[in-house]
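Trainee: Provide a 3D model corresponding to the input given below.
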Amino acid sequence: MRKRKTVFLVIIFIIQVSIIWPVYPVFSDSHPLILGLPLSFAWITGMLVLSFVTVLWYYLSDPARQTSEHEHT
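Mentor: Numbers count the residues shown, from 1 in each chain. Predicted coordinates:
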């Protein structure tokens, strides 16, 4: 369980760093267009989707949640 939490925190940290100063200026250009979005907006949208998927994975892999589901059935 500790490894799961560490992986979650590392991914969230990487996402946070990628949308602030050290990394974001690399992607702050308006070209190329990705799915019709400027690169800067596509980068932020991609990081938002990645954070959603990470939180969803963390929730679905929670051992306490899996145990409580089996008790209710």
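Trainee: got a list of what the most centrally placed residue in the chain touches?
Mentor: Note on the chain: the residue nearest the mean C-alpha position is residue 51, at 1.9 Å, using C-alpha atoms, centre = their mean. Residue 51 makes contacts with 12, 15, as judged by C-beta atoms under 8 Å, 6 or more residues apart in numbering. C-beta here means a position set from N, CA and C on the backbone, and glycine is covered the same way.
Trainee: look up how far residue 38 lies from residue 13.
Mentor: 26 Å (C-beta to C-beta, to the nearest Å).
Trainee: the two: which has the busier surroundings?
Mentor: residue 38 (15 against 10; other C-beta atoms under 10 Å).
Trainee: quick one, phi psi at the residue lying closest to the more buried one once chain neighbours are set aside?
Mentor: Nearest residue to residue 38, sequence neighbours excluded (C-beta to C-beta, 6 or more residues apart in numbering): residue 30, at 4.3 Å. Backbone torsions of residue 30, given as degrees, to the nearest 10, read phi -90, psi -10.
Trainee: is residue 30 in contact with residue 43, as I believe?
Mentor: No: the criterion here is C-beta atoms under 8 Å, and residue 30 misses it with residue 43 at 11.5 Å.
Trainee: more neighbours, these two?
Mentor: Taking neighbours as other C-beta under 10 Å, residue 30 and residue 43 compare with residue 43 leading, 20 against 10.
Trainee: check which residues of the longest helix seen in the chain are buried.
Mentor: Longest helix of the chain, by residue count under DSSP state H: helix 39-60. Of the residues in helix 39-60, 39, 42-43, 46-47, 54, 58 count as buried by neighbour count, 16 or more other C-beta atoms under 10 Å.
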